[in-house]
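Chemist: Here is my input, please return the structure:
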Amino acid sequence: MSASAVDPVARVFAPDAVGRTVRVRGWVLRSRSSGGILFVVLRDRTGSVQVTGRKDVLGPEAFTAAEHVQVEGAILVDGAVADDPRAPGGREVRATRFAVLEPGEPFPIFADQTEEFRLDKRHLAIRSQEHVATFRAKAELLRAFREFLDREDVLETTPPVLSGNAAEGGAEAFEFDYFGRPAYLSQTAQLYLEALLFPNERVYALTPSFRAEKSRTPRHLTEYLHLEVELAWCDLEGLIDFIERMVVFAAHAVAERRPAELALLGRPPAELAALSAPFPRLRYAEAIDRLAAQGLPVRWGSDLGTAEERALTIELRSPIFVTHFPRELKAFYMLRSGDDPRTVEAADLLAPEGYGEMVGGSCRETHLDDLVERLGELGLDRREYEWYLDLRRHGSVPHAGFGLGVERVVRWMLRREHIRETTPFPRTPSRHTP
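Modeler: So this is what the prediction gives:
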């Protein structure tokens with residue numbers, strides 16, 4: 001073994017590793033010493049392993065230095081792999097050399113601290129095993145989404161996150177001064193994706209979106225990762241079919257590729273692996289009737305918030321689509337339903353077990369006059385949308401699209417109590433640091 005060769009911790013658990021000499025390096029997860037023997041759990045990106053070191057083997061000076069390494073201190077160890085049923089994973093490294101790379105200071109994150117303190121120290125708290133598992137599963141989910149979209153021949157594009165108009169209007173947009181002109185942080189990439197759709201037919205983007213909502217709920221962030229798709233020649237049924245196939249594909253991929261992380265976080269992989277399409281469908285009017293029967297104070301025109309979505313889904317084990325919402329509840333660009341002019345051709349996908357909305361989609365209005373009329377009804381300045389109206393003047397075709405909140409999907413898949421646990425540095429109305 002060369003002086004520079006370093007083995008990943010996972011190498012320790014290979015079938016042929018017992019009796020071999022390895023060199024591993026990483027960070028101290030925990031440590032203790034007793035009777036001249038040091039026990040250290042070392043972690044790297046591939047896993048963790050117990051390291052034992054005897055004072056008579058390492059020498060008094062090296063042993064003392066090793067004893068003083070703090071949690072999250074960095075070390076390098078040479079030693080032989082041995083079976084030991086008492087060790088985590090049934091293997092350990094019996095050290096012949098223990099080098100302290102950085103002893104570290106006392107680590108400030110430990111049990112029984114307040115959530116606010118942990119958020120203040122988020123840059124350190126994200127080293128926990130739960131956070132590591134969460135973000136690796138999230139990375140797998142993103143990989144699966146891209147894999148599915150690539151198979152479906154949907155082109156990834158890169159729309160801006162700075163815009164001269166608030167795509168969905170209202171007070172939820174973050175407005176700022178852009179060289180003397182008003183500008184906004186993107187609420188959605190949809191309008192730009194529609195422009196990109198006409199030369200490409202099937203497009204998507206994965207970008208941050210921003211909502212200036214003062215909602216303090218377990219499912220709201222002011223900045224989140226937004227997966228948005230636009231599909232030409234697509235109606236509502238085709239859109240629903242596409243969404244559910246994508247969600248099933250991603251759930252199966254995460255279950256297959258990250259079972260250990262799922263198990264650590266409390267989601268049995270078999271539950272995601274068993275997910276299948278089609279998902280149940282429920283028209284908005286039926287949802288209102290069902291909620292009213294449960295005693296919730298709703299009527300036609302009521303929005304479905306956290307409480308309503310939880311009531312609809314708390315007993316379910318599969319996502320459910322709610323479709324055909326009242327026109328006044330939805331954005332100006334949604335297509336009015338042919339069979340009921342009070343509603344639009346829209347569908348929200350609600351996660352089961354009370355986690356609520358994950359996806360919102362609709363068919364897009366293709367007629368110029370209807371779009372202009374709707375902008376006027378909502379009091380939006382037509383001049384700010386002239387570029388968007390151009391898309392209806394030059395080759396408009398039937399199309400539909402959706403937006404998926406990545407962190408909301410992660411929250412459901414990984415059974416996270418609060419959405420802030422699904423992103424490394426959560427942004428909420430009360431927090432924008434660290």
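
Chemist: what about Gly47, neighbour count?
Modeler: A count of neighbours around Gly47, defined by other C-beta atoms under 10 Å, yields 17. C-beta here means a position set from N, CA and C on the backbone, and glycine is covered the same way.

Chemist: ok, and the closest non-adjacent residue to it?
Modeler: Nearest residue to Gly47 in three dimensions, chain neighbours excluded: Val9, at 4.6 Å (C-beta to C-beta, 6 or more residues apart in numbering).

Chemist: Check whether Ala10 really touches Gly47, as I assumed.
Modeler: Yes - counting by C-beta atoms under 8 Å, Gly47 is a contact partner of Ala10 at 5.2 Å.

Chemist: Show the backbone phi and psi for the residue nearest to Gly47.
Modeler: Phi and psi for Val9, reported as degrees, to the nearest 10, are phi -60, psi -30.

Chemist: what pLDDT does it get?
Modeler: You'll see Val9 listed with a pLDDT of 98.

Chemist: surely it meets Leu42?
Modeler: Yes - if you go by C-beta under 8 Å, Val9 and Leu42 touch, sitting 6.9 Å apart.

Chemist: what about those two, which has more around it?
Modeler: Per other C-beta under 10 Å, whichever of Val9 and Leu42 has more neighbours is Leu42, with 25 against 22.

Chemist: can you pull the contacts of the closest residue to that one other than its chain neighbours?
Modeler: Among residues not flanking Leu42 along the chain, Gly26 sits closest, at 4.9 Å (C-beta to C-beta, 6+ apart). Applying C-beta atoms under 8 Å, 6 or more residues apart in numbering, one finds that Gly26 lies in contact with Val9, Leu42, Arg43, Asp44, Ala74, Ile75.

Chemist: For the third one, give the beta-bridge partners.
Modeler: Which is Arg43. Bridge pairing for Arg43 (DSSP bridges) gives the partners Trp27, Ser48.

Chemist: Give me the neighbour count for it.
Modeler: Neighbourhood size, Arg43 [other C-beta under 10 Å]: 19.

Chemist: ok, it - contacts?
Modeler: Per C-beta under 8 Å, 6+ apart, neighbours of Arg43: Val9, Gly26, Trp27, Leu29.

Chemist: Using TSV, please lay out these together with distance to Glu147.
Modeler: TSV is the format used below for these (distance: C-beta to C-beta, whole Å):
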residue	distance to Glu147
Val9	28
Gly26	30
Trp27	31
Leu29	32
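
Chemist: so Arg299 makes contact with Ala292?
Modeler: Yes - here Arg299 reaches Ala292: they are 7.4 Å apart, a contact under C-beta under 8 Å.

Chemist: I'd assumed Pro426 was in contact with Pro218.
Modeler: No - using C-beta under 8 Å, Pro218 is not in contact with Pro426, being 11.4 Å away.

Chemist: Let me know the pLDDT of the residue sitting furthest away from the middle of the chain.
Modeler: Going by C-alpha atoms, centre = their mean, the residue of the chain most distant from its centre is Asp56, 48.9 Å out. If you check Asp56, the pLDDT there is 97.

Chemist: Next one: it from Ala62, what distance?
Modeler: Asp56 is 11 Å from Ala62, where distance means C-beta to C-beta, to the nearest Å.

Chemist: Name the SS class of Glu286, please.
Modeler: helix (DSSP: H, G, I helix; E, B strand; the rest coil).

Chemist: and it, what does it touch?
Modeler: Per C-beta under 8 Å, 6+ apart, neighbours of Glu286: none.
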